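Q: Give me a 3D structure for the following:
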Amino acid sequence: MVEVAHNFGIVDTILFVGSLLVAIAVGVYYAYVDRNMSSLDNYYYAGKKISPIAVGFSCAVTFISSITVLSIPVMTYTHGTVIIWYFATNIVAMLPGVIYFIPLIHRLQLPSIFEYLERRFHSVVKKACTVVFCFYQIMWMAIATHLTAIALNIVSPMSVSLSIILTICICAFYTTLGGIKAVVWVDTIQSFIMAAGIIAVTVQTSISIGGMGEALEAMAQKGLNNFWNFDPDITVSYSFWSLVVGLGPAWSSYYCTNQSLTQRLQSCKNARDSRIACLVSFVISSTFLTLSALNGMVMFKYFEGCDPVKSGEIKMKDQLIPLLVIRLFKHVPGISGLFVSAAYSGMLSTVSSGINSLSVLILEVFIRPVYGRPINDATGMKISRCLGLILGLSVMAATFLVGQLSTISMHLITIIDSAFSGPLVGVYLSGMLIPWTNRKGGLFGLVLGMGLNLWIIIGQLVWGKTTGEITVEKSIENCSASVLFNHSLANNTTSMYSSTNMTTPVEDYRPYLADTLYQVSLPFLGVIGLCSTFLFAILISAVTGLQKAEDADPSLFIPLVYGKRFPTKVLKFFRFGVPEYEEKFEPPSSQMEELQATKLLEKTIIGHKG
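A: I've put the predicted structure just below:
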């Protein structure tokens, strides 16, 4: 690999260190301000008093993460303008949360979203889904942290190991001290840093290549101006259908069943504020997704004729954007620091949110039931802070483990999302929409749904993906002489190494499923996992004995169709025999205090009269 010179100066260092110190300062500030309010409700849910705008910013940054800043441009660079459809994927992901899950979590006031599964099915279902989510969340944080550290290694002077340790330590510190308030407000500040970093790259690259039109023309010449690709083939990895219909249901887990986001939505005062937060999150995250895709387009034109990966200038595609920053801003102090801060902001948000959400999950699902006596707020706070530190160390260990997997790390993110997200949403929907599903249906529906997805994924890993992939040969014909020399040297070294190793003969036999089921693109596993889990839950419930709809708890049921705009017959049909749920009206806190004062005054007057 060609040695890439760092252009990280004093101004860059000040910007980067400053962004980290702000995160630490916010954690210390809320630890001090809330020193006399040491309650679990305040630590995890901020007493339900956080601004929905701030919650929306926090949800967006957590959802986006550093992966968007680094990998969405690479996906556009590789697969074309079809990646812009991710904004529509975001719409599909948000709708179930806004329509069904937000009313449910505010109605039940659950300590965690997984508590619903115990009330609706059984504690076994809750624990099984919690274990799956904990594994998924830790691995996701580890992969995101490692990828970011590797990618930014070429633009910042920090080593990969130092970057990982610094990230985890800072996240664990301010999250453990300040709780959800620190996480939300640090995320809000970091969202502006991320926006500045992304926009700086977009504007400067567009200027350097002659405008966005030049980028579109270059991509069109290679067949990558494919935004209007409506190919319904489920083996095609990136099309409107695979991204919106296939991946949308998997992404809905972020808004519906991901403790990190649902915990923030529960921090809002009511369902209306939670919906506002969702809308803000959608606008910001969709903007980031679209801008990142545009960065991929201008990057394609910028590197046209000299692909840095093929030339050996960098080792992995996720280093393309950092390399672009080095090239564009080598004489502009501060921009490299701004970009590194933007990427790190996304990583800090993802890790801090994950640590905070997993702490409450482990406390409520595994520790509280077996503790032996009631856990008061003081004890709960001590346990929560210890859990935060332990989880930080766990994520750090998992990150270094992921580092041993080398270049398949990015593929692992897609695999983890595809395997687990859809089935988790399917379990919840089978309980919320269908009153007849029982605990065996919920448990085995999850197992079979995940099993089907993992079966397809393993088959694809073993036999390979041979159809539905966009392959555009990258050129190095316009590279400089020094780059071409290093490329030639690397190729000679590789061929010498290859000639001294034995190769495994390739067998001609391929099973039928290798060219059929195992060719299904990974994005489609989102909708496959959701639908298969949903159907398996109903079928297994039918075999083992359906629950009676009239005996169902109406507070745990959300009809597929509800609202005063629909005819009574339609509403009654979609309740499937479940009794009507009567919403309990609770006056706002100010009105409640006024009522209590009035009653006290009346008692005082009556007492004097007596």
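Q: all contacts plus neighbour counts: C-alpha atoms, from now on.
A: Noted.
Q: Tell me the spacing between the residue most central in space within the chain and L95.
A: A centroid search over the chain (Cα atoms, centre = their mean) returns F63, at 4.2 Å, as the residue closest to the centre. The gap separating F63 from L95 is 15 Å, by Cα to Cα, to the nearest Å.
Q: before we move on, what about L261?
A: If you measure L261 against L95 using Cα to Cα, the figure is 14 Å.
Q: And these two? Which one has more around it.
A: Under the neighbour definition other Cα atoms under 10 Å, L261 and L95 were set side by side, and L261 has more, 26 against 17.
Q: I figured that one was touching Y255, is that so?
A: Yes - using Cα atoms under 8 Å, L261 makes contact with Y255 at a distance of 6.2 Å.
Q: what's whichever strand or helix holds V203 packed up against?
A: In the assignment (DSSP states H and E), V203 maps to helix 160-209. Contact here means 3 or more Cα pairs under 8 Å, 6 or more residues apart in numbering; DSSP states H and E; on that basis helix 160-209 packs against helix 10-33, helix 40-45, helix 52-79, helix 123-152, helix 271-302, helix 320-328, helix 335-362, helix 377-402.
Q: excluding its backbone neighbours, what's nearest I170?
A: The shortest distance from I170 to any non-neighbouring residue, by Cα to Cα, 6 or more residues apart in numbering, is to I24 (6.9 Å).
Q: OK, contacts around that neighbour?
A: Under the criterion of Cα atoms under 8 Å, 6 or more residues apart in numbering, the neighbours of I24 are 170, 173-174.
Q: Next, find the distance separating it from T130.
A: As for I24, its distance to T130 is 30 Å (criterion: Cα to Cα).
Q: now E217
A: Spatial separation of E217 from T130 under the definition Cα to Cα is 48 Å.
Q: What of L216?
A: According to Cα to Cα, L216 and T130 sit 45 Å apart.
Q: Between those two, point out the one with more neighbours.
A: Neighbours around L216 and T130, counted as other Cα under 10 Å, are more numerous at T130. The numbers are 23 against 19.
Q: who's in contact with the more buried one?
A: The neighbourhood of T130, defined by Cα under 8 Å, 6+ apart, consists of 114, 361, 365.
Q: burial measure for W228, as a count.
A: The local packing count at W228 equals 11, with neighbours defined by other Cα under 10 Å.
Q: Checking it next. Helix, strand or coil?
A: Of the three states, W228 takes coil under DSSP: H, G, I helix; E, B strand; the rest coil.
Q: burial of the residue lying closest to it once chain neighbours are set aside, as a residue count?
A: Once its chain neighbours are removed from consideration, W228 has its nearest residue in V82; the separation is 7.1 Å (Cα to Cα, 6+ apart). Taking other Cα under 10 Å as the neighbour definition, V82 ends up with a count of 21.
Q: Likewise for V370?
A: In terms of burial, V370 registers 9 neighbours under the definition other Cα under 10 Å.
Q: Which pLDDT value belongs to it?
A: The confidence metric pLDDT takes the value 88 at V370.
Q: how near is it to E118?
A: Counting by Cα to Cα, the gap from V370 to E118 is 16 Å.
Q: Repeat that for V69.
A: V69 is 38 Å from E118, by Cα to Cα.
Q: out of the two, which sits in the busier spot?
A: Shown here are V69 and E118; by other Cα under 10 Å, V69 has more neighbours (30 against 15).
Q: re earlier: and the helices and strands packed on helix 160-209: which comes nearest L452?
A: Put simply, out of those the one that sits nearest L452 is helix 123-152, at 15.3 Å, with distance taken as Cα to Cα.
Q: pLDDT below threshold where in the stretch 301-450 of the chain?
A: Within the stretch 301-450 of the chain, the set of residues satisfying pLDDT under 70 comprises 405-412.
Q: Repeat the analysis, applying 90 as the threshold.
A: Within the stretch 301-450 of the chain, the stretches falling below the threshold (pLDDT under 90) are 304-307, 309-357, 360, 364, 369-378, 380-382, 384-385, 388, 399-421.
Q: do the same with the stretch 51-200 of the chain
A: When residues are selected by pLDDT under 90, those of the stretch 51-200 of the chain lie in 58-72, 109-112, 136, 139-198, 200.
Q: Let's see stretch 206-223 as CSV, backbone CA atoms only.
A: The C-alpha trace of stretch 206-223 is given here as CSV (Å, rounded to 0.1, in the frame of the first residue of the first chain):
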residue,chain,number,x,y,z
SER,A,206,-18.3,19.4,-6.5
ILE,A,207,-16.3,22.5,-7.2
SER,A,208,-13.1,20.5,-8.0
ILE,A,209,-14.8,18.3,-10.6
GLY,A,210,-16.9,21.0,-12.2
GLY,A,211,-20.3,20.4,-10.7
MET,A,212,-22.7,17.6,-10.0
GLY,A,213,-23.6,17.3,-13.7
GLU,A,214,-20.1,16.1,-14.4
ALA,A,215,-20.5,13.4,-11.7
LEU,A,216,-23.8,12.2,-13.2
GLU,A,217,-22.4,12.0,-16.7
ALA,A,218,-19.4,10.0,-15.5
MET,A,219,-21.6,7.5,-13.7
ALA,A,220,-24.0,7.3,-16.7
GLN,A,221,-21.1,6.3,-18.9
LYS,A,222,-20.4,3.4,-16.6
GLY,A,223,-24.0,2.4,-16.3
